[in-house]
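Participant: test case, fold it:
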Amino acid sequence: MPVRVLIAVVIVFLLCLLLLAADRVVKVIKRGLRRREANQRLAAAAAQAEAKDRQRKAAEQASGALTSVMPTIHDVDTRTVGAPAYRPDGASTRR
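Facilitator: Residues are numbered from 1 along each chain as shown. Sure thing, here's the model as predicted:
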């Protein structure tokens, strides 16, 4: 009878070890899946940020190209009340 008890204890012990190993394997698989999903989300966010940055730089270049073509506004002195405004040739705008 002591041999049967010993065999039963060994079987219970082996079952516990098997369940522990199965639990560890399941945890490792879940962790791997979570990391893979997080990596995919990170890659998608990085791609979106790079696309937004490229779009911003393209808009910046287009804006720079537009302002380099437009003529500049010539500086005109500030007018005050009661003083006549002068055209660039020096003539008064009052008649």
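
Participant: and the helices in this protein, which stretches?
Facilitator: Residue ranges of the helices in the chain, as given by DSSP state H, are 2-69.

Participant: where in this structure is pLDDT low?
Facilitator: 65-88, 90-95 (pLDDT under 70).

Participant: residue 42: how many residues sit nearby?
Facilitator: Using other CB atoms under 10 Å, the number of residues around residue 42 comes to 10. C-beta: built from backbone N, CA, C; applies to glycine.

Participant: which residues sit in contact with it?
Facilitator: Contact analysis of residue 42 by CB atoms under 8 Å, 6 or more residues apart in numbering lists nothing.

Participant: for it, give its distance to residue 36.
Facilitator: According to CB to CB, to the nearest Å, residue 42 stands 11 Å off from residue 36.

Participant: buried stuff in stretch 37-57?
Facilitator: By neighbour count with 16 or more other CB atoms under 10 Å, stretch 37-57 contains no buried residues.

Participant: now it - C-alpha only, PDB.
Facilitator: Extracted in PDB, the C-alpha atoms of stretch 37-57 (Å, rounded to 0.1, in the frame of the first residue of the first chain):
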ATOM      1  CA  GLU A  37       0.200  44.000 -31.600                       C
ATOM      2  CA  ALA A  38       1.900  46.900 -29.900                       C
ATOM      3  CA  ASN A  39       4.700  46.800 -32.500                       C
ATOM      4  CA  GLN A  40       2.200  47.000 -35.300                       C
ATOM      5  CA  ARG A  41       0.400  50.000 -33.700                       C
ATOM      6  CA  LEU A  42       3.700  51.700 -33.100                       C
ATOM      7  CA  ALA A  43       4.700  51.100 -36.800                       C
ATOM      8  CA  ALA A  44       1.400  52.500 -38.000                       C
ATOM      9  CA  ALA A  45       1.700  55.600 -35.800                       C
ATOM     10  CA  ALA A  46       5.300  56.200 -37.000                       C
ATOM     11  CA  ALA A  47       4.200  55.800 -40.600                       C
ATOM     12  CA  GLN A  48       1.300  58.300 -40.000                       C
ATOM     13  CA  ALA A  49       3.700  60.700 -38.300                       C
ATOM     14  CA  GLU A  50       6.200  60.500 -41.200                       C
ATOM     15  CA  ALA A  51       3.400  61.000 -43.800                       C
ATOM     16  CA  LYS A  52       2.200  64.100 -41.800                       C
ATOM     17  CA  ASP A  53       5.800  65.400 -41.600                       C
ATOM     18  CA  ARG A  54       6.200  64.900 -45.400                       C
ATOM     19  CA  GLN A  55       3.000  66.700 -46.100                       C
ATOM     20  CA  ARG A  56       4.000  69.600 -43.800                       C
ATOM     21  CA  LYS A  57       7.400  69.900 -45.500                       C
END
